[in-house]
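Student: coordinates only, sequence not included:
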């Protein structure tokens, strides 16, 4: 089927026709479209000439659709509604108080979402648009104001500041934690499946601090996202590492229990990034609120917000 534009009625004529049919008069359509009555009338006449039939019967008070015009109105309304629906999905809101924030699923679900109301509350009130992906976003190309991520350092082409570090310790379901017991023997954790995300360096660091080497085994379980790591541990599938503050709420609720309270620094930290260049006022406000939630030193925040030399 040929969908080229030469087989389609003029769009401006269809807009005038749809408005006049919906509102019942050329005058009302003209007011809504910011046109003159004569301009709407000419567009409708142009459409009728293109179609080869009348779409309206002109009445003393307004217009009335012909049978063919009513059929066209139904199809035109459906097409415009479809375009509007998809446009809403494709386009994103813009405004001085809107901030686009990129992050990964675990940080979004376990750290940002519980704080989202406080981060948005004013004055000034913000609207945070979350861009959640397991991959790193191109902040400039995707018009992202800020990013909160896990990593081992800054990223070239961004301004970065370390928000906080993690002190990790083993956790499991309450039932499995009771079975393991608390005898202070780190080696006993290797008797059970160990659960980790795509980076097992935290387990290597924790076991290494107790004189043990760790190489992932067939019985261990790997998940791409830390949310799934916690879910697997809560369902008794093995031992995971708590990564405060991401896991604290689930420990405090009793869904997960501490297996060994001895902690070790995770080689991975949490970072806030922004594109190089001036910071929009709304993005600066959000950066200040995120920094406060992370208890970031104010001097580090001020350095983060300044343009790099």
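Tutor: Happy to help now that I have it. Computed from a prediction, not measured in an experiment: that's the story for all the values here.
Student: quick one: the strands in the protein?
Tutor: 56-58, 63-65, 98-103, 127-132, 146-151, 158-164, 167-172, 195-196, 221-222, 240-242, 257-258, 264-265, 269-275 (DSSP state E).
Student: just checking, what packs against the second one?
Tutor: Under the contact criterion of 3 or more Cβ pairs under 8 Å, 6 or more residues apart in numbering; DSSP states H and E, strand 63-65 touches helix 11-23, strand 56-58. In short, each C-beta sits where N, CA and C put it, glycine included.
Student: closest one to residue 294 among these?
Tutor: Closest to residue 294 of those is helix 11-23 (Cβ to Cβ; 50.2 Å).
Student: that older thread, of the helices and strands packed on strand 63-65, which stretch is the most buried?
Tutor: helix 11-23 (a mean of 20; mean count of other Cβ atoms under 10 Å).
Student: got a list of contacts for it?
Tutor: Residues outside helix 11-23 that contact it (Cβ atoms under 8 Å, 6 or more residues apart in numbering): 26, 28-29, 32-33, 35, 39-40, 43-44, 46-47, 50, 55-56, 63, 65, 69, 72-73, 76-77, 80.
Student: Filter those down to the buried ones and express that as a ChimeraX selection.
Tutor: In ChimeraX syntax, the buried subset of the contacts of helix 11-23 is picked out as below (16 or more other Cβ atoms under 10 Å):
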select :26,28,29,33,35,39,40,43,44,46,47,55,56,63,65,69,72,73,76
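Student: Return the subset of the contacts of helix 11-23 lying in helices.
Tutor: In helices, defined here by DSSP state H, the members of the contacts of helix 11-23 are 26, 28-29, 32-33, 39-40, 43-44, 46-47, 50, 69, 72-73, 76-77, 80.
Student: Now distance to residue 103 and mean pLDDT too, for the helices and strands packed on strand 63-65, in a markdown table please.
Tutor: Shown next, in a markdown table, are the helices and strands packed on strand 63-65 (distance: least, Cβ to Cβ, whole Å; pLDDT from 0 to 100):
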| stretch | distance to residue 103 | mean pLDDT |
| --- | --- | --- |
| helix 11-23 | 40 | 89 |
| strand 56-58 | 54 | 88 |
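Student: could those go into CSV alongside distance to residue 272?
Tutor: Below are these laid out as CSV (distance: least, Cβ to Cβ, whole Å):
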stretch, distance to residue 272
helix 11-23, 45
strand 56-58, 59
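Student: Of all the ones you listed, which one is nearest residue 128?
Tutor: So among the helices and strands packed on strand 63-65, helix 11-23 is nearest, using Cβ to Cβ, at 34.9 Å.
Student: residues touching residue 287, list them.
Tutor: Shown in contact with residue 287 (Cβ under 8 Å, 6+ apart): 146, 272, 274, 279, 301, 304, 305.
Student: Go again with 6 Å.
Tutor: Contact analysis of residue 287 by Cβ atoms under 6 Å, 6 or more residues apart in numbering lists residue 146.
Student: Show the model's pLDDT score for it.
Tutor: Confidence at residue 287, expressed as pLDDT, is 97.
Student: thinking residue 150 is in contact with residue 268, fair?
Tutor: Yes. Assessed by Cβ atoms under 6 Å, residue 150 is found in contact with residue 268 at 5.0 Å.
Student: thinking again about what came up before, and the strands of the chain as CSV, adding distance to residue 207?
Tutor: Listed next are these as CSV, based on distance: least, Cβ to Cβ, whole Å:
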stretch, distance to residue 207
strand 56-58, 80
strand 63-65, 77
strand 98-103, 29
strand 127-132, 31
strand 146-151, 20
strand 158-164, 23
strand 167-172, 10
strand 195-196, 11
strand 221-222, 16
strand 240-242, 10
strand 257-258, 17
strand 264-265, 9
strand 269-275, 20
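Student: and residue 285, which of those strands is closest to it?
Tutor: strand 98-103 (7.9 Å).
Student: partners of the closest one in the sheet?
Tutor: strand 127-132 (parallel), strand 146-151 (parallel) (DSSP bridges).
Student: most packed of the ones you listed?
Tutor: By mean count of other Cβ under 10 Å, the strands paired with strand 98-103 have strand 146-151 as the most buried, with a mean of 20.
Student: re the thing from before, could you dump the strands paired with strand 98-103 to a markdown table with distance to residue 254?
Tutor: Below are those laid out as a markdown table (distance: least, Cβ to Cβ, whole Å):
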| stretch | distance to residue 254 |
| --- | --- |
| strand 127-132 | 28 |
| strand 146-151 | 26 |
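Student: What does residue 216 show for phi and psi?
Tutor: Dihedral angles phi and psi of residue 216 (degrees, to the nearest 10) take the values phi -50, psi 140.
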